[in-house]
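**Q** here is a sequence with its predicted model. Questions after.
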Amino acid sequence: MTWIAIGSLSDIPRRGARCVDTPEGKIAVFRTADDQVYAIDDHCPHKGGPLSQGIVHGAAVTCPLHNWVISLETGKALGADEGRVRTIPVKVEGERLFLALEALASRAA
Amino acid sequence: MTEKLVIIGNGMAPGRMLEHLLEQAPGRYQVTIFNAEPRVNYDRIMLSPVLSGEKAFEEIIIHGDGWYIANGITLYKGHKIVAIDRTAKTVTSDHGVTEPYDKLVIATGSVPFIIPVPGHDLPGVLTYRDLDDVQAMLLAAQSRAKAVVIGGGLLGLEAAAGLNAQGMDVTVLHVMPTLMERQLDPAAGYLLQRAVEERGIKVITKANTQAITGNGKVEQVELADGTVIPATLVIMAVGIRPNAALAKETGIAVNRGIVVDAGMRSNDPDIYAIGECAEVNGMVYGLVAPLYEMARVAASQLAGDEKAAFVHMDTPTKLKVTGIELFSLGDFAEGEDRQEIVLRDAAAGVYKRLVLKDDRIIGTVLYGETGDGAWFNDLKKKQTDISQMRDTLIFGQSYQGGAPLDPMAAVAALPDDAEICGCNGVCKGKITGAITARGLTSLDDVRAHTKASASCGSCTGLVEKLMVLTIGDKYNPAAVQPMCGCTALGHDEVRRLIMAKSLKTIPAVMQELEWTTSCGCAKCRPALNYYLVCDWPDDYADDYQSRFVNERVHANIQKDGTYSVVPRMWGGVTNAAELRAIADVVDKFEIPMVKVTGGQRIDMLGIRKEDLPAVWADLGQAGFVSGHAYAKGLRTVKTCVGSDWCRFGTQDSTGLGIRIEKFMWGSWTPAKVKMAVSGCPRNCAEATCKDVGVICVDSGYEIHFAGAAGLDIKGTEVLGLVKTEDEALEHIVALTQMYREQGRYLERIYKWAKRVGMEEIRRQIMDDGEKRKAYYERFVFSQKFAQVDPWSERVSGKDKHEFRPMASVGFAEAAE
């Protein structure tokens, strides 16, 4: 497993997200109120809304376009909606954040 | 030609009469009212809840100042009429105003009876008639000292309960052996006394007041049997008598009250009398229902219906003391030819008694459980033969004919002409008819359309049951819609508690109000953030993570994740330099779409998020600031060219629009606010479908509000007419602040206005100068913290993380 450094925890506001650009599109990296970090594709399974722009509550985000609520842990839509967005493994080492390389590469393949 | 109608007195009866008259004969009379009290018409029945602190005076006003203005009625406040000249047909007030009349209505009400014992005129001896009395009592109650109420009737007990609720040590003196002996039999009077005493109010019956003594002010009350009761406040509530002195001096026939025929006309055919001062068929009245009936008759007579006639009716008595249920009706004295049915349930504190004559109900006393009062009243009124149901009659309507029914069924079984609201004489059929015909779904709607439950409110439960019966699930009285799944509290409750508990952060709100989630959700967080921004403008640090993305990055997110940018164009006015700057920005950033908006400005669509700060920097160079086209806040103020250019323009509508926009930009509101100013009633700025609009006219500025042209289409309501631009601005700002403080998050002005009532808004903004000023000042204060251009802040580097990717990861890099 190869991990790519993407920055530090303090780069992301609590209850917020930042994006990582990849040739395949953006990955949204979230930081919750209790400093858990999650990464998912920045692409709502509903109509492709940028999930990184949504309001973060608990371990979930509400899409800014049509208010779907996506679990950051599983990538699944919560509530009555059905759909799933890809999750990318994240590692936090001290302050530093890493995304799993294989996950990225496999997406490219 | 319009005739001159002069009314002496401005209580509930003449107020109601005018409502009828305006409906039946609009424009027939030019109306002038002289009110000895220095205020508008209010609901006197509700003084007791004001005294006990359950209601504020504002809540019991029937007609605000705006109502008189809107109906062209002249109201002299604080003018007591001292002379009527029947030959010249004029009246003269104590301030020297003389007014001619064609028709005169005397509605001088009643005066409290003062027992002429020594010391009755000492400072600290009050009566209980009007708001001045209540205010004096509230002032006295602050001392938490001892009070004596003389009189254990309806008024005396309500006064005692109110003073008790205000923390005073209260003793009630009643000359008869039991309380409310005119309405209650001794058994019910006893139960009532027990309930009153349980509240900590002392009751002394058979108490004969001999003197009130004190050195320069009230210190004690002395009874004939030698008892001495210390007191700093004495309320005389032993009864009222018709206030007919003025009529008598004028030579109008007066017995106990002003003698009138069934058409409410005195022996002078141009002079009518209504209300407590009138005596009809040898009877004088003190409860509101017959007084309203007099008002109806007098209005019909004045409108030309000579057949309208007053018919005597028995009115049920109810005591407005929270927690004491009491109902009394008709004649309940014992007699040879009468039988009675009595039910006592000591454990439940229930006592019911029906007095029958020839198998018909003639009197009813209910204590502790009064739900069947309306049904008994109906049986009595219709003189229904009750012999078939005699055995179960006392158990109430639910028990008639087989198994007991639930209370809902009891209401369902009431005939359409059964009276529900005694104060306003509204029957069941009228209420259910209005609910169906007008699609009413709330209690306030029903009150507005039928007046049922709008006076004393004691029939509210019945009206609510009728609503459930008529529209089922669409009406759910107890349900408050919770803000979201994180709490059971509704928006109003949360707003109230934020203020009451001085909660100044989102975590504090969630902790104190026991949120069920750790950090809320996408519904409650933006709402809470708004409420805190609005309520604590100087203390609260805006929580950007609780704002919807548009308000976080100050642009509008589009379906593809790009943004649109709308700079402010004050009042929709622009120039060549601004247009050139926009054109340059469009070229430089390859903006794919440029569009003119409905709010008279220019929208640039399809801008990448990363480019936003650079776009704003260029726009800022040309003097542009954010147009807040994304905000739950002030959007645009649309204008027409007004008197500067237009041959029809009456005022400088463009200038006023710009002034409003410059004054109010940056303010956050519960939902978006769009405004417009039109320079004449041709209304080219389409002001009459805006949240707030102004129509300029020759005489000033007509302020409109509560329009909608989105999901719903709705023309505006008129707030009122003001003379100057300064006044227009002050009224609009105050209105907006009232909405900011009361609106629920995402609730547009028209929905808020419907919820709180147009009249209430007019009253606070148009009629109450102090309130308006206070709203205005709170808005101005909050603007100190709100008027910061969010674009230039971000050009200077604020929240730069928002606009930049955290990292860029390429495959070449990943493969290494």
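**A** The structure has been received and is ready for your questions.
**Q** sketch out the low-pLDDT regions of chain A for me.
**A** For chain A, applying pLDDT under 70 flags the ranges A:1, A:101-109.
**Q** please pick out the residue of it most distant from its centre.
**A** residue A:80 (21.1 Å; C-alpha atoms, centre = their mean).
**Q** that one: which element?
**A** Residue A:80 is part of no helix or strand when elements are defined by DSSP states H and E.
**Q** how close does it sit to residue B:116?
**A** Distance of residue A:80 to residue B:116, given as C-beta to C-beta, to the nearest Å: 77 Å. For glycine as for every other residue, the C-beta is placed from the backbone atoms N, C-alpha and C.
**Q** surely residue B:674 is within a strand?
**A** Yes. Residue B:674: assigned to a strand according to DSSP: H, G, I helix; E, B strand; the rest coil.
**Q** okay, now the closest residue to residue B:606 other than its chain neighbours: neighbour count?
**A** Of all residues not flanking residue B:606 in the chain, residue B:592 sits nearest, at 4.1 Å (C-beta to C-beta, 6 or more residues apart in numbering or on different chains). Neighbourhood size, residue B:592 [other C-beta atoms under 10 Å in any protein chain shown]: 11.
**Q** phi, psi for residue B:592 please.
**A** Residue B:592 adopts backbone torsions of phi -70, psi -20, taken as degrees, to the nearest 10.
**Q** dump the C-alpha coordinates for stretch B:300-319 into PDB.
**A** In PDB, the C-alpha atoms belonging to stretch B:300-319 read as follows (Å, rounded to 0.1, in the frame of the first residue of the first chain):
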ATOM      1  CA  SER B 300     -78.800  47.900  11.400                       C
ATOM      2  CA  GLN B 301     -81.100  50.700  12.500                       C
ATOM      3  CA  LEU B 302     -78.500  53.300  11.500                       C
ATOM      4  CA  ALA B 303     -78.100  51.500   8.200                       C
ATOM      5  CA  GLY B 304     -81.800  51.900   7.600                       C
ATOM      6  CA  ASP B 305     -83.300  48.600   8.800                       C
ATOM      7  CA  GLU B 306     -86.000  49.800  11.100                       C
ATOM      8  CA  LYS B 307     -87.100  46.200  11.900                       C
ATOM      9  CA  ALA B 308     -83.900  45.300  13.700                       C
ATOM     10  CA  ALA B 309     -84.800  44.600  17.300                       C
ATOM     11  CA  PHE B 310     -83.100  43.500  20.400                       C
ATOM     12  CA  VAL B 311     -84.400  40.300  22.000                       C
ATOM     13  CA  HIS B 312     -83.400  39.400  25.600                       C
ATOM     14  CA  MET B 313     -81.200  36.400  26.000                       C
ATOM     15  CA  ASP B 314     -79.600  34.600  28.900                       C
ATOM     16  CA  THR B 315     -75.900  34.600  28.700                       C
ATOM     17  CA  PRO B 316     -73.700  31.900  30.300                       C
ATOM     18  CA  THR B 317     -71.200  33.200  32.800                       C
ATOM     19  CA  LYS B 318     -67.600  31.900  32.800                       C
ATOM     20  CA  LEU B 319     -64.900  32.800  35.200                       C
END
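**Q** in that stretch, what's buried?
**A** B:300, B:301, B:302, B:303, B:308, B:310, B:314, B:315, B:316, B:317, B:318, B:319 (16 or more other C-beta atoms under 10 Å in any protein chain shown).
**Q** per-residue pLDDT of the fifth one, please?
**A** Looking at residue B:308, its pLDDT is 90.
**Q** doesn't residue B:300 make contact with it?
**A** Yes. The criterion here is C-beta atoms under 8 Å, and residue B:308 meets it with residue B:300 at 3.5 Å.
**Q** was I right to think the residue nearest to residue B:606 contacts residue B:604?
**A** No. Applying C-beta under 8 Å, one finds residue B:592 not in contact with residue B:604, separated by 9.1 Å.
**Q** thinking again about what came up before, what's the farthest-apart pair in the buried residues of stretch B:300-319?
**A** B:303 and B:319 (36.0 Å; C-beta to C-beta).
**Q** quick revisit: ok, so what distance separates the residue farthest from the centre of chain A from residue A:69?
**A** In terms of C-beta to C-beta, residue A:80 sits 10 Å off from residue A:69.
**Q** give me the element residue 38 is part of.
**A** Went with chain A since none was named. Using DSSP H and E, residue A:38 falls in strand A:37-41.
**Q** quick one: residues in contact with that strand.
**A** A:9, A:12, A:20, A:25-32, A:51, A:59, A:70, A:72-73, A:75, A:85-90, A:92, A:97, A:99 (C-beta atoms under 8 Å, 6 or more residues apart in numbering or on different chains).
**Q** hang on, residue B:203 in a helix?
**A** No. Counting by three-state DSSP, residue B:203 is not found in a helix; it is strand.
**Q** how many neighbours does residue B:214 have?
**A** Neighbour count of residue B:214, defined by other C-beta under 10 Å: 18.
**Q** not counting sequence-adjacent ones, nearest residue to it?
**A** Per C-beta to C-beta, 6+ apart, closest to residue B:214 is residue B:122, 5.7 Å.
**Q** what's the answer for residue B:660, then?
**A** Leaving aside its chain neighbours, residue B:660 sits nearest to residue B:637 (5.1 Å; criterion: C-beta to C-beta, 6+ apart).
**Q** just the element for the one you found, please.
**A** Judged by DSSP H and E, residue B:637 forms part of strand B:634-639.
**Q** which residues in the stretch 51-200 of chain B form strands?
**A** B:61-63, B:74-77, B:81-85, B:90-93, B:98-100, B:103-106, B:110-112, B:125-127, B:146-150, B:169-173 (DSSP state E, counting those that start in this stretch).
**Q** what packs against the second one?
**A** Using 3 or more C-beta pairs under 8 Å, 6 or more residues apart in numbering or on different chains; DSSP states H and E, the elements in contact with strand B:74-77 are strand B:29-35, helix B:65-70.
**Q** and if we set it to 6 Å?
**A** With contacts taken as 3 or more C-beta pairs under 6 Å, 6 or more residues apart in numbering or on different chains; DSSP states H and E, strand B:74-77 sits against strand B:29-35.
**Q** for the record, mean pLDDT for the helix or strand following the strand it packs on?
**A** Later in the chain than strand B:29-35, the nearest helix or strand by DSSP H and E is strand B:41-42. In this model, strand B:41-42 has an average pLDDT of 88.
**Q** for stretch B:321-330, which positions count as buried?
**A** Going by neighbour count (16+ other C-beta under 10 Å), the buried part of stretch B:321-330 is B:321, B:324, B:325, B:326, B:327, B:328, B:329, B:330.
**Q** can you count the residues close to residue 63?
**A** Going with chain A. Neighbours around residue A:63, by other C-beta under 10 Å: 26.
**Q** wait, I meant chain B there
**A** With other C-beta under 10 Å as criterion, residue B:63 counts 20.
**Q** need the pLDDT of it.
**A** Note for residue B:63: predicted pLDDT of 88.
**Q** could you do residue B:60 as well?
**A** At residue B:60, the pLDDT value in this model is 87.
**Q** interface residues of chain A facing chain B?
**A** Chain A comes close to chain B at residues A:4, A:6-7, A:11, A:15-16, A:18-22, A:33, A:50, A:53, A:55, A:57, A:62, A:64, A:101, A:104-105, A:108, as judged by C-beta under 6 Å from any C-beta of the partner chain.
**Q** not counting its neighbours along the chain, what's nearest residue B:17?
**A** Leaving aside its sequence neighbours, residue B:17 sits nearest to residue B:295 (C-beta to C-beta, 6+ apart; 3.8 Å).
**Q** who's in contact with that neighbour?
**A** Neighbouring residues of residue B:295 by C-beta atoms under 6 Å, 6 or more residues apart in numbering or on different chains: B:13, B:16, B:17, B:274.
**Q** pull the most distant pair out of the residues you listed.
**A** Among the contacts of residue B:295, B:16 and B:274 lie farthest apart (C-beta to C-beta), at 9.0 Å.
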